[in-house]
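Peer 1: predicted model follows, preceded by the sequence.
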Amino acid sequence: MANLSSVNLNRLLVFVTVVEAGSLTAAANRLGLTKTMVSTHMQRLESEIGASLLVRTTRRLNLTDAGEAFYEASRRIVSDAETAISAAGHDTEEPRGTLRITAPIDYGATVVAPVAVALQLHYPRLKIELLAGDRFFDLVADGIDVAIRIGRLADSGHQAVRIGSFEHWLVASPQFLERVGMPRTLDDLKDLPFVALSVLPQPLTWTFKTQGKTEQTVRFNSTFSANTAYAAGITALAGAGLAVLTDFAVAEHVAAGRLLRVLPEWELPDGGIHAVFPAARHRPKKTRVFIDELRNHVNKSEGAAVSLGPNRTVPECN
């Protein structure tokens, strides 16, 4: 029977990484090892504990029953070790290693990327990998340190910090509005060309309300759709039609006159922007400094952008 002294504990990290990455190749890339070395570690670990942990097929890896139980125990050991290491160097060293961040394409390009560059210049021992995409990455499986989530948060076991808030604006290019005329009422919107963001649950239906709390729902007539907010914004800039876009994505274009707000006295739904990260007793310093830098940047940007429109508000971050 295997005992603790007969098992190389470093192999637990390799095993956990293989399971969460989904393949030997992906685990090797994440660990900075060769695929052959990862495979050797797995073979020796199975030999050391005297049990088969993985079933290898041509397409994927599957855990055996013993592997399932061993993974859960190994994951806790690795997590506790990472927590202990992080706590030991909690505030004594500058951030180092790789910080993996995921964010929606438009927010990642306009907000996160400049903050990440400034952070990396300040901490040269820190490497940053930004994964921009309008799909949700799995924080554990994809090895994500921080995920920026726009809108309502789904229930999960992760921790979250509010970064700020956003508004939706109805916008169109000056060229488009010259062609069709500036809408004066919400009823004028129904028959005008509209650029829809197809990944939304109801991309054509939007509820507007006034400061007097009067609500009116409009169903737009889509003539063009895009599956990313960035593409929808470029399409609106090109004059394809009206579009409902986030203020952080179009504020610069509105300030420069490349896009105009349509019926700004009618408000659209707003929402929160959060940084989400795996739950831990001690948050890694690289994660903390990034979140602090991002919040400072957002606070400054929102304060400077108050004059862009009457509906703009400066949120209180907590």
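Peer 2: Okay, I see it.
Peer 1: what's the longest helix seen in the chain in contact with?
Peer 2: What stands out as the longest helix in the chain, according to DSSP state H, is helix 65-88. Counting by Cβ atoms under 8 Å, 6 or more residues apart in numbering, helix 65-88 makes contact with 9, 12-13, 15-16, 19, 49, 51-54, 63, 280-285, all of which sit outside it. For the C-beta atoms, the positions are set from N, CA and C on the backbone; glycine is no exception.
Peer 1: mind redoing it with 10 Å?
Peer 2: Here helix 65-88 makes contact (Cβ atoms under 10 Å, 6 or more residues apart in numbering) with 9, 11-20, 45-46, 49-55, 61-64, 140, 278-287.
Peer 1: just the C-alphas of the lowest-mean-pLDDT helix or strand in the chain, formatted as PDB.
Peer 2: Lowest on mean pLDDT, DSSP states H and E among the helices and strands of the chain sits helix 65-88, with a mean of 82. Output of helix 65-88 as PDB, limited to C-alpha atoms (Å, rounded to 0.1, in the frame of the first residue of the first chain):
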ATOM      1  CA  ASP A  65     -13.500   6.000 -10.200                       C
ATOM      2  CA  ALA A  66     -10.300   6.100  -8.200                       C
ATOM      3  CA  GLY A  67      -9.100   9.100 -10.200                       C
ATOM      4  CA  GLU A  68     -12.300  11.000  -9.400                       C
ATOM      5  CA  ALA A  69     -11.700  10.700  -5.600                       C
ATOM      6  CA  PHE A  70      -8.000  11.200  -5.900                       C
ATOM      7  CA  TYR A  71      -8.600  14.400  -8.000                       C
ATOM      8  CA  GLU A  72     -10.800  16.000  -5.400                       C
ATOM      9  CA  ALA A  73      -8.300  15.300  -2.600                       C
ATOM     10  CA  SER A  74      -5.400  16.400  -4.800                       C
ATOM     11  CA  ARG A  75      -7.200  19.600  -5.700                       C
ATOM     12  CA  ARG A  76      -7.700  20.500  -2.100                       C
ATOM     13  CA  ILE A  77      -4.000  19.800  -1.300                       C
ATOM     14  CA  VAL A  78      -2.800  21.900  -4.200                       C
ATOM     15  CA  SER A  79      -5.200  24.700  -3.300                       C
ATOM     16  CA  ASP A  80      -4.100  24.700   0.300                       C
ATOM     17  CA  ALA A  81      -0.400  24.800  -0.700                       C
ATOM     18  CA  GLU A  82      -1.000  27.700  -3.100                       C
ATOM     19  CA  THR A  83      -2.900  29.500  -0.300                       C
ATOM     20  CA  ALA A  84       0.000  28.900   2.100                       C
ATOM     21  CA  ILE A  85       2.600  30.100  -0.300                       C
ATOM     22  CA  SER A  86       0.500  33.200  -1.200                       C
ATOM     23  CA  ALA A  87      -0.100  34.000   2.500                       C
ATOM     24  CA  ALA A  88       3.600  33.600   3.300                       C
END
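Peer 1: buried ones in it?
Peer 2: With burial defined by 16 or more other Cβ atoms under 10 Å, the residues of helix 65-88 counted as buried are Gly67, Phe70, Tyr71, Ser74, Arg75, Val78, Ser86.
Peer 1: circling back: right, and the helix or strand after the longest helix of the chain?
Peer 2: Moving toward the C-terminus from helix 65-88, the next helix or strand (DSSP states H and E) is strand 97-103.
Peer 1: mind jotting down where the strands sit in the stretch 101-250 of the chain?
Peer 2: 126-132, 146-150, 159-172, 193-197, 205-209, 215-219, 221-226, 242-246 (DSSP state E, counting those that start in this stretch).
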